[in-house]
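>>> test case, fold it:
(one chain, ligands or ions: 1)
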Amino acid sequence: MTAFRAPTREMMFTLQQVAGFSEMAKACGYEDASEDVVAAILEEAARFASSVIAPTNVIGDQTGVRLDPDLNVVTPAGFRDAYQQYAESGWASLQFDPEFGGQGLPFSLAIPVQEMWHAANMAWGLCPLLSQGAVEALSEKGSDQLKQLLLPKMISGQWTGTMNLTEPQSGSDLSGIRTQARPDGDVYRIKGQKIFITWGEHDMAENIIHLVLARLPDAPPGVKGISLFAVPKYLPDASGEPGERNDCQAVSLEHKLGIHASPTCVMSYGDNEGAIGYLVGEENRGLACMFTMMNNARLTVGLQGVSISERAYQQARDYTLERTQGTAPGEQGVSPIIKHPDVRRMLMIMKTLTEAARGLAYTGCVAVDYANAENLPDDIRARYKRRVDLLTPLVKGWCTEIAQEVTSLGIQCYGGMGFIEETGAAQHYRDARILPIYEGTNGIQALDLIGRKTVRDQGQAMAELIEDMRPFTGSLQSNCVLTAERQAKFDQAVAFLEDATRVVLERGNDDQFTGAVAFDYLMLSSTVTAGWLMLKAAIAAANDLTDQSTFAANKLTTTSFFIDHILPRCSSHLSAIRSGDDAIMALPEIEF
Ligand SMILES: Cc1cc2nc3c(=O)[nH]c(=O)nc-3n(C[C@H](O)[C@H](O)[C@H](O)COP(=O)(O)OP(=O)(O)OC[C@H]3O[C@@H](n4cnc5c(N)ncnc54)[C@H](O)[C@@H]3O)c2cc1C
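Here you go, the predicted model:
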């Protein structure tokens, strides 16, 4: 497998010029996050990702994790050391509250940094990803006492966090959760089983704080009767250090298609007297608390799609430069396969989709910082909140779908060697396959977009998004970089999105229709938004007079490729939306 090199120039450009990071930092009072500081952080993260985390990737995939007879999870060689270095170097605390030891930097600055962790080793990166979500939920919903007890050690990375929603009978539909919570003085006793818990047990940190959804004895049925609890593996003692072992443990590990080095645990709570849990937020409001965690986690799972795509692209590019076969058109003698037009087509799809997905993910995360900025007027924050809500399913859904295409093409670029494990191309493909499933399947993301984020909002957030695309349609700015034909294609794609939104709003009360077209609507709106951001990037690169190098030319090439080869997909999505549910629901069940 080739070494991982983070594309820091591309990341910095996307963060600043596409997502508008510096503008946001100025508006939201992040004076310390100057361009120089951001560049220095990205360079240092790149060094850490390639020299410390990336070397653990292949060994992690090959050896995986195991549960020893005492029910301790043993992680692959190098994992624990990489995690210790990560925590000691302060990477865990970048975006968190200085009151609890955080560095107070923007959430969106932690995003390119995390992109590098996941590209270097996605299985390892899941541990910090889940911890970050737990810190967010506790910061927002925990009592002052609970925050003092847990946050400093979680923010420093000494303790990690998990998210415990899923039970055997309750996956996409959380209304069926059965884990019980019984009040016991100031605390609660938790009893039940959770499955698929990522990093639910491990040896990389001294304690693990599980955030667990459970039901109180008198709770109403369904999602309105779920509460959230913080359940430490070791209960903090009087001095805040890990003390007595709590009544919870991992009882088995799943054997999986990919991310072999990420322990996916069956967790048992309360085999004896009941695991001690502390209530987070109010009783019966647990799902709302958990959504604090899940929303940002959805953005970061989308980001994982960008990461694994970047890694697969780099590897395929390097291989196709070296491997020789046949004579490419216009060449003499044997050619590196990168010279063959069909191989170039595959690499261009990989590169273009990855750049576009990065633009979409970073833009969604910068909107999170705007939405959270207390110094901004309420109406501006509300607009950004709508933007975050709208972009979250797009980032999660689209960036993880393109990762399937990119990692699959990565294998194709290798030919037969792609199918052979030793090249490493297959690992990315296997690892990527979980992305459209966890953190809410992409089918559920699509329903969220069409139901909550479009129909219920009467199309307001989507109309605002389309409004922001307007200056890039027709004439004016875009014409200076695009041919008239490509400009027309972009304009048409925006018109398709408007048309599709109109159809969706007209038939928004028909659940069968919205369910049948939701995924196409998710793909259509994401593809158009990503195309708009590519165009924004091409214009920004062309206008950057300090740099008229190949960077601007490359940006224009990938944008043109996106418009010619990817945007036309919008037409088939629109066709599916217009034809609605007729064909989908036509077959009687028996004929499946
Ligand atoms: C490796 C791994 C790690 C995980 N990590 C965690 C974790 O840390 N914590 C945690 O709590 N969970 C975790 N999960 C669980 C994960 O979030 C669930 O698997 C996921 O939410 C889907 O639930 P399910 O598996 O029960 O599938 P189901 O809900 O049974 O869904 C099966 C299919 O039906 C579709 N479907 C279901 N309901 C609907 C509907 N209403 N409308 C349309 N389509 C529908 C789904 O989209 C899917 O295609 C993990 C899972 C895996 C495999």
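
>>> what does the stretch 201-350 of the chain put close to the ligand?
For the stretch 201-350 of the chain, the contact set with the ligand under C-beta under 6 Å from any ligand atom comprises 256, 264. C-beta here means a position set from N, CA and C on the backbone, and glycine is covered the same way.

>>> would you map the helices across the stretch 201-350 of the chain?
Counting by DSSP state H, counting those that start in this stretch, one finds helices in the stretch 201-350 of the chain at the ranges 286-322, 341-372.

>>> cool, and the stretch 451-592 of the chain?
Going by DSSP H, counting those that start in this stretch, the stretch 451-592 of the chain shows helices at 460-469, 476-479, 484-506, 511-543, 550-561, 569-579, 582-586.

>>> get me the contact residues on the protein for the ligand.
Residues of the chain lying near the ligand (C-beta under 6 Å from any ligand atom): 163-166, 171-172, 196-198, 256, 264, 434, 437-438, 440-441, 443-444, 447.

>>> could you turn the buried ones of those residues into a ChimeraX selection?
Selecting the buried subset of the residues of the chain next to the ligand in ChimeraX, with 16 or more other C-beta atoms under 10 Å as the burial test, is done by:
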select :163,164,165,166,171,196,197,198,256,264,434,438,440,441,443,444,447
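
>>> which of the residues of the chain next to the ligand fall within helices?
In this view, the residues of the chain next to the ligand that belong to helices under DSSP state H are 443-444, 447.

>>> okay, and the helix or strand of the protein with the least pLDDT?
Lowest by mean pLDDT, DSSP states H and E among the helices and strands of the chain is helix 476-479, with a mean of 54.

>>> in the chain, which residue sits closest to the ligand?
The ligand sits closest to Gly171 of the chain, with a gap of 1.7 Å, by C-beta to the nearest ligand atom.

>>> which residues are in contact with that residue?
By C-beta atoms under 8 Å, 6 or more residues apart in numbering, the contact list for Gly171 is empty.

>>> distance check, it against Asn164.
13 Å (C-beta to C-beta, to the nearest Å).

>>> hmm, who's touching stretch 433-450?
Contacts for stretch 433-450 (C-beta under 8 Å, 6+ apart): 172, 196, 198, 256-259, 294, 297-298, 301, 304-305, 308, 390, 392-394, 396-397, 400-401, 403-404, 504, 508, 514-515, 517-519, 521-522, 525.

>>> same check, this time on stretch 79-89
48, 52-53, 56, 60, 92, 124, 127-128, 156-158, 203-205, 261.

>>> let's go with 7 Å and repeat that
48, 52-53, 56, 60, 92, 124, 127, 156-158, 203-205, 261 (C-beta atoms under 7 Å, 6 or more residues apart in numbering).

>>> all strands for the protein, in order.
66-67, 73-74, 159-164, 180-184, 187-198, 207-214, 227-232, 234-236, 242-245, 248-253, 264-269, 275-280 (DSSP state E).

>>> tell me the angle the fifth one makes with strand 264-269.
Relative orientation of strand 187-198 versus strand 264-269 (axes from the mean of the first three to the mean of the last three C-alpha atoms, to 10 degrees): 170 degrees.

>>> elements contacting strand 187-198?
Counting contacts by 3 or more C-beta pairs under 7 Å, 6 or more residues apart in numbering; DSSP states H and E, strand 187-198 packs against strand 159-164, strand 180-184, strand 207-214, strand 227-232, strand 264-269, strand 275-280.

>>> Serialize those strands to a markdown table and add fields for mean pLDDT.
Formatted as a markdown table, the helices and strands packed on strand 187-198 follow (pLDDT from 0 to 100):
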| stretch | mean pLDDT |
| --- | --- |
| strand 159-164 | 97 |
| strand 180-184 | 98 |
| strand 207-214 | 98 |
| strand 227-232 | 98 |
| strand 264-269 | 98 |
| strand 275-280 | 98 |
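
>>> can I get these in TSV including distance to Pro336?
Shown next, in TSV, are the helices and strands packed on strand 187-198 (distance: least, C-beta to C-beta, whole Å):
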stretch	distance to Pro336
strand 159-164	44
strand 180-184	61
strand 207-214	48
strand 227-232	55
strand 264-269	40
strand 275-280	56
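
>>> and Gln249, which of those is closest to it?
Gln249 lies closest, by C-beta to C-beta, to one member of the helices and strands packed on strand 187-198: strand 264-269, at 5.9 Å.

>>> off-centre distance for the closest one?
23 Å (C-alpha atoms, centre = their mean, to the nearest Å).

>>> output the strands of the chain as JSON lines; include the columns distance to Ala357.
Output for the strands of the chain, formatted as JSON lines (distance: least, C-beta to C-beta, whole Å):
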{"stretch": "strand 66-67", "distance to Ala357": "34"}
{"stretch": "strand 73-74", "distance to Ala357": "32"}
{"stretch": "strand 159-164", "distance to Ala357": "24"}
{"stretch": "strand 180-184", "distance to Ala357": "39"}
{"stretch": "strand 187-198", "distance to Ala357": "22"}
{"stretch": "strand 207-214", "distance to Ala357": "28"}
{"stretch": "strand 227-232", "distance to Ala357": "31"}
{"stretch": "strand 234-236", "distance to Ala357": "39"}
{"stretch": "strand 242-245", "distance to Ala357": "39"}
{"stretch": "strand 248-253", "distance to Ala357": "31"}
{"stretch": "strand 264-269", "distance to Ala357": "25"}
{"stretch": "strand 275-280", "distance to Ala357": "32"}
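
>>> closest one to Gly101 among the ones you listed?
Gly101 sits nearest to strand 159-164 of all the strands of the chain, at 12.0 Å, using C-beta to C-beta.

>>> verify the stated contact: Asp389 with Gly451.
No. Applying C-beta atoms under 7 Å, one finds Asp389 not in contact with Gly451, separated by 11.9 Å.

>>> how about low-confidence regions in the stretch 351-500 of the chain?
Applying pLDDT under 70 to the stretch 351-500 of the chain picks out residues 475-479.

>>> rerun at 80
By pLDDT under 80, the weakly predicted segments of the stretch 351-500 of the chain are 475-480.

>>> and Leu522, how many neighbours does it have?
With neighbours defined by other C-beta atoms under 10 Å, the count for Leu522 comes to 25.

>>> that one touches Gly397, doesn't it?
Yes. Contact criterion C-beta under 7 Å: Leu522 and Gly397 qualify, at 4.8 Å.

>>> Pro471 - how many residues pack around it?
Counted with other C-beta under 10 Å, the neighbours of Pro471 add up to 12.

>>> one more: the one 10 residues further on?
Taking other C-beta under 10 Å as the neighbour definition, Val481 ends up with a count of 20.

>>> who's in contact with it?
For Val481, the contact set (C-beta under 7 Å, 6+ apart) comprises 538-539, 542, 556.

>>> the same query, at a cut-off of 10 Å, please.
The neighbours of Val481, taking C-beta atoms under 10 Å, 6 or more residues apart in numbering as the test, are 487, 535, 538-543, 552, 555-556, 559-560.

>>> for ChimeraX, write the select line for the buried members of those.
In ChimeraX, this line selects whichever of the contacts of Val481 come out buried by 16+ other C-beta under 10 Å:
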select :487,535,538,539,540,541,542,552,555,556,559,560
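
>>> ok, back up a step: now do the shared contacts for Asp389 and Gly451.
Asp457.

>>> ranking the helices of the stretch 451-592 of the chain by burial, who's on top?
Of the helices of the stretch 451-592 of the chain, the one with the most neighbours on average (mean count of other C-beta atoms under 10 Å) is helix 511-543, at a mean of 23.

>>> now the angle from it to helix 550-561?
Using the same axes, to 10 degrees, helix 511-543 lies at 150 degrees relative to helix 550-561.

>>> hmm, back to that, for Val231, find the nearest of the helices of the stretch 201-350 of the chain.
Taking the helices of the stretch 201-350 of the chain one by one with C-beta to C-beta, helix 286-322 is closest: 12.7 Å.

>>> tell me the angle that closest one makes with strand 180-184.
130 degrees.

>>> in helix 286-322, which residues are buried?
286-287, 289-290, 292-317, 319-320.
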